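> next come a sequence and a model predicted from it.
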Amino acid sequence: MSVERILWEEDATGLAGLVRRGELSAIELTEAAIARAEATRPEINATAEPLYEAARTRAKSIDRSLPLAGVPFAIKDLGIAIKGVPSHGGSRIPAWVPDFNSVMTERYLAAGLIPIVTSTSPEHGLRLMTESKAFGVTRNPWNTGHTTGGSSGGSAALVAAGVVPVAHGSDGGGSIRVPSACSGLVGLKTSRGRVPLSPLVSESWYGMVVDHAVTRSVRDCALLLDLTHGPDALAPYAARPPKGSFAAAAARDPGKLTLAVYRKSPLGLPISAETLKALDIAVALAREGGHSVEDIDLPFIGRDFFADFCTTVASAVAGSLRGEALRVGRSVTGDIERATRVLGRLGEMISAGETYAGLQRLHATSRQLITETARYDAVLMPVIAHPPLACGAMDPKGADELIENLLDKLHLTALLRIKPLFGQLMDKSLWFTHWPAIHNVSGQPSIALPVHVTDAGLPLGIQAAGRPGDEERLLSLAAQMEKISGWLTRRAPLMVPSQ
């Protein structure tokens, strides 16, 4: 079997085992991954910065005893520092070149991973489709006319295309789970404080952003978390320690669990029949595993909750743009995309008092959510309301584009104080992804699972959200569902390697 075929078929745990036993070399794997990255690049457009020479150098001297020795890897081009590698954040703002590694970068390297590229992101991670003026459109390996989602869409595209078996991602409003749901992958949004973002930042978006990965398998998701979790000296807080290893949790039977399923749109927006079918498949898998599942409602999670989320993010974006202007020594208004400008101006318009009050409302709702779902080991719910969208489907058109242009060119951001207009723009931003931000606000872990492929051949995943700090139970449930379903063997049809 060719090395490319092995790379395409195996997960990271399997590849590391081959390297450890000397059946495959890290150099062979690295060269195969680089070749596949280049071959698929015109089709999926998922690379921000190639790291090929550094990868080759690292592969030549890798310690084969490391847990993920020689495994090709991608690191998202957003919110993480790699010494000497330009960081663009999906933007046309002049790149920043760090002279240090983030803690997570150091932990990835210590695990034996070999970064071969940085992966594309929408500008500042603000869209849940990976499309930007700086890098263009990232495409789904299952069907290149469709999106991989965002904002970790470049990472998801590379994993789904068989370039790498696992890739770094970050999630501030669904940005790991949405690409996983669109690309047939496993994607865990970790508990708040599970992994550090330091020394780049102490927290991002008021603690709503977390880092982890998109993976082919649940066991890879668990093993990588074992190798990267835990605070460092600069972390301001930490999630409660696990009772054992995450890998052990993924390997054991979960026992009989009490699960809930939430089927409604918290925004009151349409949900496709395919999404509801995917949710039904997840419920059926859970029941086949011996678990009880009951329907619940979450009436306190509604439009006001998401309005507070959106305005809080806007204030964070405004602050980030101030920081970028300070870094480059001039205004960055002309560098950024229209939607980012409008969002940043909205953030500047919101007072500190309004931001604080909105955060307090979000925290109060989070406490209610955690309390009222505490009796359940996990809650199943959708990630995306429709199958993966056609590329460009989220671009404003017609009247929507006219409104955004007026808001931008005439500086009419104050009109967003009009609740119906704000609600209209919120719906346009979130009509594809009604649910993921809930757990960014609450800080709970949630894992996207690739339960379904539509008749049109597009993946459609759902998520299971757990109690704060309880990734172990989620991973155990996810691994059982993976085993029952057989989804682990599914692969995107793009450029299938020969035997």
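All right, it came through fine. Numbers count the residues shown, from 1 in each chain.
> all contacts plus neighbour counts: C-alpha atoms, from now on.
Noted.
> span of stretch 403-421 from start to end?
The separation between the terminal residues of stretch 403-421, taken as Cα to Cα, to the nearest Å, is 10 Å.
> ignore what I typed, I meant stretch 75-85.
Its start and end residues considered, stretch 75-85 measures 11 Å (Cα to Cα).
> what residues does it touch?
When contacts are taken as Cα atoms under 8 Å, 6 or more residues apart in numbering, the neighbours of stretch 75-85 outside the stretch itself are 48-49, 87-90, 97-102, 104-105, 115, 117-121, 124-125, 152, 154-155, 167-170, 197, 200.
> strands of the stretch 151-300 of the chain, start to end?
Listed in chain order, the strands of the stretch 151-300 of the chain (DSSP state E, counting those that start in this stretch) span 166-171, 186-189, 210-215, 258-261, 292-295.
> okay if I get those strands as TSV plus mean neighbour count and mean pLDDT?
Conversion of the strands of the stretch 151-300 of the chain to TSV gives the following (neighbours: other Cα atoms under 10 Å; pLDDT from 0 to 100):
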stretch	mean neighbour count	mean pLDDT
strand 166-171	29	98
strand 186-189	33	98
strand 210-215	28	98
strand 258-261	21	98
strand 292-295	14	98
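> need these in JSON lines with distance to A54, can you?
Converted to JSON lines, these look like this (distance: least, Cα to Cα, whole Å):
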{"stretch": "strand 166-171", "distance to A54": "17"}
{"stretch": "strand 186-189", "distance to A54": "27"}
{"stretch": "strand 210-215", "distance to A54": "21"}
{"stretch": "strand 258-261", "distance to A54": "46"}
{"stretch": "strand 292-295", "distance to A54": "49"}
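> and A249, which of the ones you listed is closest to it?
Relative to A249, the nearest member of the strands of the stretch 151-300 of the chain by Cα to Cα is strand 186-189, separated by 14.3 Å.
> H124 touches G89, doesn't it?
Yes - look at H124 against G89 with Cα atoms under 8 Å: they come within range, at 5.2 Å.
> more neighbours: which of those two?
G89 (24 against 20; other Cα atoms under 10 Å).
> if we look at stretch 50-58, which residues are touching it?
Counting contacts by Cα under 8 Å, 6+ apart, the residues touching stretch 50-58 from outside are 27, 30-31, 34, 114-118.
> and the residue lying closest to I281 once chain neighbours are set aside, how many neighbours does it have?
Across the structure, with Cα to Cα, 6 or more residues apart in numbering as the measure, the residue nearest I281 apart from its sequence neighbours is V451 (6.7 Å). The local packing count at V451 equals 26, with neighbours defined by other Cα under 10 Å.
> confirm V451 sits in a strand?
Yes - secondary structure of V451, determined by DSSP: H, G, I helix; E, B strand; the rest coil: located in a strand.
> contacting residues around it?
With contact set as Cα under 8 Å, 6+ apart, V451 has these partners: 184, 278, 281-282, 460-462, 485, 487.
> so which residues of the stretch 351-499 of the chain form strands?
Using DSSP E, counting those that start in this stretch, the strands of the stretch 351-499 of the chain run over 378-382, 446-453, 459-465.
> those strands: which one's closest to F135?
Shortest distance between F135 and those, using Cα to Cα, is found for strand 459-465: 24.2 Å.
> counting by contacts, list what the closest one packs against.
In terms of contacts (3 or more Cα pairs under 8 Å, 6 or more residues apart in numbering; DSSP states H and E), strand 459-465 is packed against helix 177-183, helix 273-288, strand 378-382, strand 446-453.
> quick one: contacts of it?
With Cα under 8 Å, 6+ apart as the test, strand 459-465 has contacts from 142, 177, 180-185, 274-275, 278-279, 282, 378-384, 387-388, 439, 444-454, 474.
> restricted to buried residues, select the residues you listed in PyMOL.
Buried subset of those, written as a PyMOL selection, criterion 16 or more other Cα atoms under 10 Å:
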select buried, resi 142+177+180+181+182+183+184+185+274+275+278+279+282+378+379+380+381+382+383+384+387+388+439+444+445+446+447+448+449+450+451+452+453+474
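> give me the outermost residue of this structure relative to its centroid.
L410 (34.2 Å; Cα atoms, centre = their mean).
> figure out how far stretch 416-427 is from the centre of its chain.
Its chain's C-alpha centre and that of stretch 416-427 lie 26 Å apart, by Cα atoms, centre = their mean, to the nearest Å.
> can you tell me what sits against that stretch?
Contacts of stretch 416-427 from elsewhere in the structure, counted by Cα under 8 Å, 6+ apart, are 267, 269, 307, 310, 346, 415.
> just stretch 334-350 next, same as before
Applying Cα under 8 Å, 6+ apart, the set of residues contacting stretch 334-350 from outside is 91-93, 123, 126, 133, 311-319, 321, 333, 404-405, 407-408, 413-414, 416.
> drop anything exposed from the residues you listed.
The buried subset of those (16+ other Cα under 10 Å) comprises 91-93, 123, 126, 311-318, 321, 404-405, 407-408, 413, 416.
> tell me which of those fall in helices.
With helices defined by DSSP state H, the entries of the buried ones among the contacts of stretch 334-350 inside them are 311-318, 321, 404-405, 407-408.
> burial of Q360, as a residue count?
Other residues near Q360 number 13, with proximity taken as other Cα under 10 Å.
> tell me the domain ranges of the chain?
Residue ranges for each domain of the chain read 3-259+446-489, 303-372+395-430, as given by automatic domain parsing.
> quick one: the residue nearest to I281 and K277, what's the gap?
Distance, V451 to K277, by Cα to Cα: 10 Å.
> L369 too?
Following Cα to Cα, the distance that separates L369 from K277 is 25 Å.
> for G319, same thing?
Counting by Cα to Cα, the separation of G319 from K277 is 41 Å.
> so for the protein, the centremost residue is which one?
Nearest to the centroid of the C-alpha atoms of the chain, with distances taken as Cα atoms, centre = their mean, sits I176, at 1.2 Å.
> so that one touches A213, yeah?
Yes - counting by Cα under 8 Å, a contact exists between I176 and A213, whose distance comes to 7.0 Å.
> so what sits against both of those two?
Common neighbours of I176 and A213, counting by Cα under 8 Å, 6+ apart, are 169-170, 187-188.
> which residues touch stretch 156-165?
Contact with stretch 156-165 is made by 7-12, 33-34, 36-37, 40, 44, 46, 71-74, 119, 138-142, 148, 166-167, 179-180, 183-185, 214-216, 491-492, 494, as judged by Cα under 8 Å, 6+ apart.
> CA atoms of that stretch as CSV?
Coordinates of each C-alpha in stretch 156-165 appear next as CSV, following Å, rounded to 0.1, in the frame of the first residue of the first chain:
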residue,chain,number,x,y,z
ALA,A,156,-11.3,20.6,8.6
ALA,A,157,-10.7,20.7,4.8
LEU,A,158,-7.1,19.3,5.3
VAL,A,159,-8.3,16.5,7.6
ALA,A,160,-11.2,15.6,5.4
ALA,A,161,-9.0,15.6,2.3
GLY,A,162,-6.6,13.2,3.9
VAL,A,163,-3.7,15.6,4.0
VAL,A,164,-3.3,15.3,7.8
PRO,A,165,-5.3,13.1,10.2
